[in-house]
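**Q** test case, fold it:
(2 chains)
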There are 2 protein chains.
Amino acid sequence: MALIVQKFGGTSVANLDCIRNVARCVKAEVNHGNQVVVVVSAMAGTTNQLVDWAREIGPMHDAREYDTIVATGEQVTVGLLAIALQNIGVDARSWLAWQIQVHTNEIHGAARIMDIDTNLIRERFACGQVPVVAGFQGISPKGRITTLGRGGSDTSAVALAAALAADRCDIYTDVDGVYTTDPRIAPKAHKLDRVTFEEMLEMASLGAKVLHTRSVAMAMRHNVNLQVRSSFSDAPGTFVVDEDSIVEQEKISGIAYSPDEAKITIQGLPDQPGIAASVFGKLAERQVNVDMIVQSASTDSKKTDITFSLGRVDLDKAVGVIEVNRDALGYSGIDSTENVTKISVVGMAMRSQPGVAKTMFETLAQKGINLQVISTSEIKISVLIASEYTELAVRSLHTAFGLDDE
Amino acid sequence: MALIVQKFGGTSVANLDCIRNVARCVKAEVNHGNQVVVVVSAMAGTTNQLVDWAREIGPMHDAREYDTIVATGEQVTVGLLAIALQNIGVDARSWLAWQIQVHTNEIHGAARIMDIDTNLIRERFACGQVPVVAGFQGISPKGRITTLGRGGSDTSAVALAAALAADRCDIYTDVDGVYTTDPRIAPKAHKLDRVTFEEMLEMASLGAKVLHTRSVAMAMRHNVNLQVRSSFSDAPGTFVVDEDSIVEQEKISGIAYSPDEAKITIQGLPDQPGIAASVFGKLAERQVNVDMIVQSASTDSKKTDITFSLGRVDLDKAVGVIEVNRDALGYSGIDSTENVTKISVVGMAMRSQPGVAKTMFETLAQKGINLQVISTSEIKISVLIASEYTELAVRSLHTAFGLDDE
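**A** Residues are numbered from 1 along each chain as shown, chains lettered A, B, ... in the order given. Predicted coordinates:
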C-alpha cells in the first residue's frame, strides 16, 4: 500500500463534469489499494473573477482581505469533490487550511508554508477516509487566511507530500507530461519519461509552465517523488526525479522558450569600476528582475555598452528608472525592444558533453539567426534572438539535438 | 456613543457599487460617533449558484460539505466590504465564523447559534476598528463550517447584537421598513414607525418577508432593539419593539397575505374520537406542516369532513399520504386545490377591540368573498379565500381598518 498525494489543477476541476472525472481518478487510485490525499485548485476562471473583484472594489487592497476573498475558490472545489467522491462510494471529506492547520508566514498573497499538522489527516487514514484538501491556502500566525500566490496549489501538494512522507505526488494537469519542447511549435516533440529536478526547475523558469517553480524546488529539497500526468488519460506521465535516479543521460532533455522577454541596451556608459553595480542597483531598488547581461569590451573612448534582458512586464518601469538616473549614470543613449525571445537548451547531459554550445550556436547560425545575448549555467544554455525566429530556432534545435520523435 | 450592529442583505451587496454604497452607510454611522459591527450576506444570486452546484454534483449531499461550499458567498463579501471601507478611510477587518468562534449545534444547513465569543471583536473596538462579520455561518462542535439556513444572516446579526448587548440592530434591506401591507397591491399602504415583536413574528410567518422569523424570535427573547431600514435611503425605518414600548395602539398594524397556500378537504370520514389525530399524525410523520384546520359538524350519517390548509410545496406529498392510507382512515373522497390565499389582519390592538373579526368578515362579505377556513390567535385573524380575490380583499381590509395613507 502506497501513500499518494494527487493534485488537480483548475482545468481539471473546471466544471461539475470535470469534478466527477477527478472523483473517478481518485477512486481508481483507492481501488489499487493506496492511501490517497487529494489537493485541488479552484475551478478554472474562478480565481480570476475573485481577483478582479478584489482589485476593482478600491485602489488600495489589504492583502489579508484579498486572501480571504480569493481563498474561497478552493473552498468550493473541495466541498464539491468530497460530495462527488461520496456519490461513487468513496468516503471523503474536505479540509480547509485552517482546519488542518497549514501554517504559513505572514506574507499575504505570496505566503510560504512553514509546517503542516498532519495528525488529523492521518487519523482519517485509519478509517479509510480520503482527505480532500484545499490547495493554495494557509493560515498566518495571527489566524488570518493566507494564499501562496499563483500556482500555489502545486506547492500545497508537494508540501503535504513531504509532511506525510508520501510515496508519490501526482500533479494532474491538462497535458500528459513534460515534453522535449512545446508540441504546438514542434510537432515532433515527445513526452519525457523522466527529468531531473534541476532540469524541471530550469524548464519551469524558462516558460515551460507545467509545474510551478516553487513546488519543484520544494520537491527537490524534500526529495518528493513527483509525477506530472493528465487527468484525462491513464497513461503514465513524466517523473521528476533525483539526479541519481537517472543512470546515464546522453541527450539533452529539452528546448524551452520564453516569449515574454524584453531587451535594453545602455550606450556610452563611463567604463569605470562599479558602473554595472550602479545600473543594476537602481533597478533592484525598484524590484526589476534582470535576467541575462552582456557588457561590451571597452573602446579607446573609455566608454562601454551594457545590454540586458528582463521580463516584458518590467520594461517600461526599467526604462523609466534608467532615464531618471541619466545624469548620475552618465550614459549617452538608451535603446529597448520587446521583439526578443529567449531560447534555451536544457539537460544534465551537457555537463559531460562539451559540444552542446557549439552544436547550438552552429545550428542557429546556419539558419541565419543572430544571437543577441548568451547566458549559460551548468545544465542550460540560453540565447536571446529576434522573436520572428522563435519557431524556426526551436524546431532546428529539436532536430539537431536528436529529440525528434521517430 | 452607541454600539450598533448593521446587517446588509444580498440585494444591498449585489455588486461592487452596492458594496461601496454599504461602506458609505457604515461610515456615516461611524461618523456619528458610534461603535459599529457590520454583518453581511452573500452577493445576491451567489448563494443560489453555490446551492445549485452542491445539488447537481451528485444525488446525495453531505450537509457538512454543502455548508462548506455555500458559506463561501459571505466570505467573499466580508473581504470586499472591508477593502471598500479601508478605501474611504474606515479601519475595518473581516471576520469569519471560525475566527470569531460563532458556535452552533451540528444541524448542518439549519444550524442554531449556541454562543458567540465576542472578546476578539471587543478588543478591536478599543482601536476604533469596524469588524465586518460573515453572516449565515457558524462552526460546529467538531470544527466544521455550518450554515443557519435561508435568511440566516438576520439571525447572525441579532445574535451578535444580543451577545454584544448592542444598543440597536439595524437590518438594512431593499425596502425602507415594514408596511401596513404590500404596497404593490395596495398603493395606499404606509410604513409603520413601530411594530411589536409579536406582530412582526405573525407578519413574517404570513408572507411579509422583511425579516426572518427566527431572527425576530431571537430579538424578542433577548430584547434586541431592532430596526428595519433601507440601505438606499437615510430615512428612519420601522422599529421592532417590545410591547411595553408602545403605549397604546388603536389601529391594527397590518394586512398580510400568503399566496403559497393549498387546501385539502377529506370527505366522509367516520365521525369518531381520534380521527383527526389519525389524519394529522400520518401527515406529521412525513414532515407535512398543516396550518389552519376546520372539522365540519357531524351529520346524522355519523360521517364528518375535515378541511385544512398547508404550504403549496407540500400538497402533492400530503395527498399521496392520505391516499395511501385510504383504507385505514375510511374516508369517502378527497378534494384539493392550490387556488387559495391566506389573508390575515395582525395587530396587538385587537386584544382590546372585540370588533375586529366582525369588521373583517363584514368587509369581505360585502365584496362577495367567501371565507373557506378561519383561524384566529390573540393578535391575528386569518382567512383562506379563493386566490383571485387577493388584491380586492387586501385593499378592502386596508381601507376598512383605517390604514390608508392620507
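**Q** those helices in chain A, which residues are they?
**A** A:16-31, A:46-56, A:63-70, A:72-87, A:97-100, A:119-126, A:152-163, A:197-205, A:213-222, A:275-285, A:315-324, A:326-329, A:356-366, A:390-400 (DSSP state H).
**Q** show me what the fifth one is packed up against.
**A** Judged by 3 or more Cβ pairs under 8 Å, 6 or more residues apart in numbering or on different chains; DSSP states H and E, helix A:97-100 is in contact with helix A:119-126, strand A:137-139, strand A:145-147. Every C-beta, even on glycine, is put in place using the N, C-alpha and C of the backbone.
**Q** the same query, at a cut-off of 10 Å, please.
**A** On a contact count with 3 or more Cβ pairs under 10 Å, 6 or more residues apart in numbering or on different chains; DSSP states H and E, helix A:97-100 meets strand A:113-116, helix A:119-126, strand A:130-134, strand A:137-139, strand A:145-147, helix A:152-163, helix B:97-100.
**Q** CA atoms only for the worst-scoring helix or strand of chain A on mean pLDDT - export them in PDB, please.
**A** Among the helices and strands of chain A, helix A:197-205 carries the lowest confidence by mean pLDDT, DSSP states H and E, at a mean of 84. Presented in PDB, the C-alpha positions along helix A:197-205 are these (Å, rounded to 0.1, in the frame of the first residue of the first chain):
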ATOM      1  CA  PHE A 197      14.500  18.300 -10.500                       C
ATOM      2  CA  GLU A 198      17.300  20.600 -11.800                       C
ATOM      3  CA  GLU A 199      16.100  20.300 -15.400                       C
ATOM      4  CA  MET A 200      12.500  20.800 -14.400                       C
ATOM      5  CA  LEU A 201      13.400  23.900 -12.500                       C
ATOM      6  CA  GLU A 202      15.200  25.400 -15.500                       C
ATOM      7  CA  MET A 203      12.300  24.500 -17.800                       C
ATOM      8  CA  ALA A 204       9.700  25.800 -15.500                       C
ATOM      9  CA  SER A 205      11.500  29.100 -15.100                       C
END
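**Q** lowest average pLDDT across the helices and strands packed on helix A:97-100?
**A** Lowest mean pLDDT of those: helix A:119-126, a mean of 87.
**Q** how about that one: buried residues?
**A** A:I121, A:R124, A:F125 (16 or more other Cβ atoms under 10 Å in any protein chain shown).
**Q** where does pLDDT dip in the stretch 151-300 of chain A?
**A** A:205-209, A:246-249, A:297-300 (pLDDT under 70).
**Q** how about the contacts made by A:K27?
**A** A:V36, A:A84, A:L85, A:I88, A:G89, A:V90, A:A92, A:V130 (Cβ atoms under 10 Å, 6 or more residues apart in numbering or on different chains).
**Q** what of A:K191?
**A** By Cβ under 10 Å, 6+ apart, the neighbours of A:K191 are A:175-180, A:183, A:228, A:235-238, A:405.
**Q** ditto for A:M43
**A** A:10-16, A:18-19, A:49, A:73-74, A:76-77, A:80, B:53.
**Q** A:Q272: which of the residues you listed is nearest?
**A** A:G10 (51.0 Å; Cβ to Cβ).
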